[in-house]
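1. need a structure here:
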Amino acid sequence: MTGSTQDAALLARAIRLALDNAAAGQLPFGALVVRDGAVLGTGVNTALRDRDPTAHAEVAAVRDACRAVGQVHVTGATIVSSCEPCAVCHSVAVTAGVTRILYAAPKEAVPDLGYPAPSDNAELLGRMQELLRSAAPDQLIHVPIEGAEEPFRRYVAGRA
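-> All right, here's what the predicted structure looks like:
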């Protein structure tokens, strides 16, 4: 597979994780950690189930990958995510040695999911994410792909 064909296949897999998670009543986010063409770890968002504000898909994928390789870092790896990572996830990626983050849906595409986060911090979190976007423009790569917004639709429809 060529890089772009492989990237599209990996993004489709991250979207599938997000769709399955939405179908399970969890927040619609999925991610993979990939290095040298091999998937080292996967993760989905379990913040609602676990009552854990850090249980995001990218964080879970990094944890899974680090366990798989037996180290506390995955230097040179890529995170492939169904959605643009938040400030927490981006920071975890950098801390773990991830060099590239591919994502399908930009944060602007995320509808109100009824997430029980304190609204007082929404503006600050948005500014933090913008800072990370500008600090690492070559690391954070949006790859438009068909179906990127479907996990959000499925999740919202399931809550109705």
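2. How far does the helix or strand of the chain with the lowest mean pLDDT sit from its chain's centre?
-> Least confident helix or strand of the chain, by mean pLDDT, DSSP states H and E, is helix 122-135 with a mean of 86. Counting by CA atoms, centre = their mean, to the nearest Å, helix 122-135 is centred 16 Å from the centre of its parent chain.
3. Give the other helices and strands that it contacts.
-> helix 87-95 (3 or more CB pairs under 8 Å, 6 or more residues apart in numbering; DSSP states H and E). In short, each C-beta sits where N, CA and C put it, glycine included.
4. Tell me the buried residues in the helix it packs on?
-> Across helix 87-95, burial judged by 16 or more other CB atoms under 10 Å covers 87-90, 92-93.
5. closest to A157 among these?
-> Of all the buried residues of helix 87-95, A157 sits closest to C89, with 25.0 Å by CB to CB.
6. Can you name the residues that contact the closest one?
-> Contacts for C89 (CB atoms under 8 Å, 6 or more residues apart in numbering) come out as 31, 56-59, 79, 81.
7. if you go through the chain in chain order, where are the strands?
-> 30-35, 38-44, 78-83, 100-105, 140-142 (DSSP state E).
8. and A109, how many neighbours?
-> 12 (other CB atoms under 10 Å).
9. Excluding covalently adjacent residues, which one is nearest to it?
-> E149 (5.4 Å; CB to CB, 6 or more residues apart in numbering).
10. and the one you found, how many neighbours does it have?
-> By other CB under 10 Å, neighbour count at E149 equals 18.
11. Please look at it and C83 and confirm they touch.
-> No: using CB atoms under 8 Å, E149 makes no contact with C83, being 9.3 Å away.
12. and for these two, which residues touch both?
-> 105, 109.
13. Let me see the contact set for the residue nearest to the spatial centre of the chain.
-> Central residue of the chain (CA atoms, centre = their mean): S81, 3.8 Å from the mean position. Neighbouring residues of S81 by CB under 8 Å, 6+ apart: 14, 29-32, 57-58, 89, 101-104.
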